[in-house]
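1. Requesting a structural model of the entry that follows:
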Amino acid sequence: MRRRGRGSSRAFPYFSPESLPPPARLGLGSSWLLALGVLCSGPLTVVGVSLAHPQPVEWLGVEAYARAFHPLQLVTYGFGFLIVLGSVGLVAALHRLAPGALRFRSALALAFAAAFAAVIGTNYMLQLAVLRPNVAAGRLEGMALLAFNNPDSITMALEMLGYGFLGLATWAVAPVFQEGGLERWTRALCVANGVVSVAGTALHAAVGVRGLFGLALYAAWNVLFAALAVLWVVVLGRWAQQARGLARSSPPA
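-> The predicted structure follows:
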């Protein structure tokens, strides 16, 4: 039975108590990893690096990009791997904790999370292992297609595609948060992130996301996703605590 309200608690009636702690711990740890990635790779880091080593807001060509380039500008992509790892671990845990009737949704979310990890992991590796050494050495041929500042680059297209997949993953897994209170907010923000992310991907494919509009869209999405990351930490923390309590109180087999 689904309970609603601030004081509701998840009973996990579809699992044996001893099987609950491992996926609950994975979900909690992954949610913390994801939240750390959002904090370290989001607007605060971008603003800080931009103040120290700014790039032009508008794309002025690869030569101008190379003149303003500094390796610290890529630190956000290193931290982005925390989002990749945390997202996959979180969705895997939610799939394990989902009731049978929702397993098709959580399995779909897991597939979308895997697509996100493949696209974004590749994209960030291109930044760190291909763009960085080539620009630093002055080898600029073809680098315009890998520079995030270029709104028509391959990497910007992959970024929008990858986070579109993550949006589909959060939309698909949203019903797993069945209770009221914070779970209701988590469910709503999972759906909202799906809508915003897929809309952003479609917008970029249709007309391109660039300039100040692109920066404003990036900042707004980060606020939404940061709020969702905090809710995941709180809700999964409660689930992990309840799972430990159920495991301790269950009679030995």
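
2. Skip the chain neighbours and tell me the closest residue to the residue nearest in space to the middle of the chain.
-> In the chain, the C-alpha closest to the average C-alpha coordinate belongs to Ile83, at a distance of 4.9 Å (C-alpha atoms, centre = their mean). Nearest residue to Ile83 in three dimensions, chain neighbours excluded: Gly37, at 3.8 Å (C-beta to C-beta, 6 or more residues apart in numbering). The way it works is simple: take the backbone N, C-alpha and C, and place the C-beta from them, glycine included.

3. and that neighbour, what helix or strand is that in?
-> Assigned by DSSP states H and E, Gly37 falls within helix 21-41.

4. List the buried residues of that helix.
-> Buried residues in helix 21-41, counted by 16 or more other C-beta atoms under 10 Å: 21, 23-41.

5. and for it, what are the contacting residues?
-> Contacts to helix 21-41, defined as C-beta atoms under 8 Å, 6 or more residues apart in numbering, come from residues 76-90, 92-94, 96-97, 222, 225-226, 229-230, 232-233, 236-237, 239-240, 242-244, 247.

6. by contact count, what packs against the worst-scoring helix or strand of the chain on mean pLDDT?
-> For the chain, counting by mean pLDDT, DSSP states H and E, helix 43-52 ranks last in confidence among helices and strands (a mean of 80). Helix 43-52 makes packing contacts with helix 75-97, helix 211-249 when contacts are defined by 3 or more C-beta pairs under 8 Å, 6 or more residues apart in numbering; DSSP states H and E.

7. Mind putting those helices into CSV with mean pLDDT?
-> Shown next, in CSV, are those (pLDDT from 0 to 100):
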stretch, mean pLDDT
helix 75-97, 95
helix 211-249, 87
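
8. between the ones you listed, which one is nearest to Val49?
-> Checking the helices and strands packed on helix 43-52 against Val49 by C-beta to C-beta gives helix 75-97 as the closest, at 6.4 Å.

9. re earlier: how much space separates the residue nearest to the centre of the chain from Cys40?
-> To Cys40, Ile83 is 9 Å away according to C-beta to C-beta, to the nearest Å.

10. For the chain, give me the ranges with low pLDDT.
-> The chain contains residues with pLDDT under 70 at 1-19, 43, 250-253.

11. Asp152 sits in which helix or strand?
-> Using DSSP H and E, no helix or strand contains Asp152.

12. Now do the same contact list for it.
-> By C-beta under 8 Å, 6+ apart, the residues touching Asp152 are 59, 208.

13. And it, its phi and psi?
-> phi -100, psi 20 (degrees, to the nearest 10).

14. my read: Ser106 touches Ala92, true?
-> No: under the criterion of C-beta atoms under 8 Å, Ser106 makes no contact with Ala92, lying 9.2 Å away.

15. Looking at those two, which has the bigger crowd around it?
-> Ser106 (23 against 19; other C-beta atoms under 10 Å).

16. OK, contacts around the more buried one?
-> Residues in contact with Ser106 (C-beta under 8 Å, 6+ apart) are 91, 94-95, 98, 172-173, 176.

17. try 7 Å this time
-> 94-95, 98, 173, 176 (C-beta atoms under 7 Å, 6 or more residues apart in numbering).

18. and what of Asn193?
-> Contact partners of Asn193, counting by C-beta under 7 Å, 6+ apart, are 167, 170, 224-225, 228.
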